[in-house]
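>>> Show me how the following folds:
(one chain, ligands or ions: 1)
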Amino acid sequence: MTKYLIIGASAGAVGAVEGIREIDPSGEIIVVSEERIVPYSRPAIGEYLSGKVDETSLSFGLPHFWELNHVKVELGKRAVTVNLQEKKVDLDDGQSLNYSKLLLAPGAKPIVPKIEGIERTEYTPSSISKMQMRLGEAPEDQPNHHRRWWLNRNCGS
Ligand SMILES: Cc1cc2nc3c(=O)[nH]c(=O)nc-3n(C[C@H](O)[C@H](O)[C@H](O)COP(=O)(O)OP(=O)(O)OC[C@H]3O[C@@H](n4cnc5c(N)ncnc54)[C@H](O)[C@@H]3O)c2cc1C
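Next comes the predicted model:
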């Protein structure tokens, strides 16, 4: 039986799982993501920050997509090493996962241009996890739009 390992659990991984299941209904599929809420719509990160939508409204695709496609999902874990010879990937929790076929779908990182004074904007709104981390640092007793203002002022947007 083929064992598929996918790093990243977002749009790329969802498309890959759909494609795999079209040709291989019974292969084992494992998806690993360092994030805990997946998959979700990144375009809606701004609306999440402004308080217009909550975490649960962000997900896209079918509810229970992973279960319906018999995918084992390892959340909150980061792939740290890929060993192509041994066909295994090490995760940051000490676990090692073997695979027959590996897909790296870790997305991309925004480029922050070198502009004087931009050091404060060391932060880009590319994931809900990162936004939640920053929101956790914002004053808790403030309404959402004040917290968003705080975020923009302190981290850039
Ligand atoms: C604010 C914003 C607005 C956008 N708006 C639009 C839009 O309007 N239209 C449009 O078409 N596209 C838009 N995009 C782009 C779109 O979201 C991306 O093209 C799409 O999410 C890419 O999917 P992906 O699966 O390749 O990667 P991603 O969605 O980036 O997912 C990759 C996942 O892999 C995880 N990961 C990375 N490294 C590791 C590792 N080592 N171990 C485990 N997990 C790892 C990441 O944390 C992430 O969860 C937007 C993006 C952002 C940030």
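>>> okay, now residue 17: neighbour count?
Look at residue 17: counted by other CB atoms under 10 Å, it has 23 neighbours. Every residue, glycine included, has its C-beta placed from N, CA and C.
>>> Give me the distance between the closest residue to it other than its chain neighbours and residue 38.
Distances taken as CB to CB, 6 or more residues apart in numbering place residue 69 nearest to residue 17, at 5.2 Å, with adjacent residues excluded. Distance of residue 69 to residue 38, computed by CB to CB, to the nearest Å: 14 Å.
>>> Among these two, which residue is more densely surrounded?
Between residue 69 and residue 38, counted using other CB under 10 Å, residue 38 has the larger neighbour count: 22 against 16.
>>> and the residue lying closest to the more buried one once chain neighbours are set aside, how many neighbours?
The shortest distance from residue 38 to any residue other than its chain neighbours is 4.0 Å, reached at residue 9 (CB to CB, 6+ apart). Counted by other CB under 10 Å, the residues lying close to residue 9 total 27.
>>> Same question for residue 85.
Residues lying near residue 85 (other CB under 10 Å) number 5.
>>> Could you verify that it is part of a helix?
No - per DSSP: H, G, I helix; E, B strand; the rest coil, residue 85 lies outside any helix segment and is coil.
>>> Name the residue of the chain that lies nearest to the ligand.
The ligand sits closest to residue 107 of the chain, with a gap of 2.0 Å, by CB to the nearest ligand atom.
>>> In three-state terms, how would that residue be classified?
Counting by three-state DSSP, the backbone at residue 107 sits in coil.
>>> Adjust the sequence numbering to begin at 19 for everything that follows.
All right, first residue 19 from here; so that's residue 125.
>>> can you pull the contacts of it?
Residues near residue 125 by CB atoms under 8 Å, 6 or more residues apart in numbering: 26, 28, 30, 144.
>>> Residue nearest the middle of this protein, spatially speaking?
For the chain, residue 53 is the residue whose C-alpha lies nearest the centre (CA atoms, centre = their mean; 4.5 Å).
>>> Settle this for me: that residue is touching residue 27, isn't it.
Yes - at 7.1 Å, residue 53 and residue 27 qualify as touching, with contact defined as CB atoms under 8 Å.
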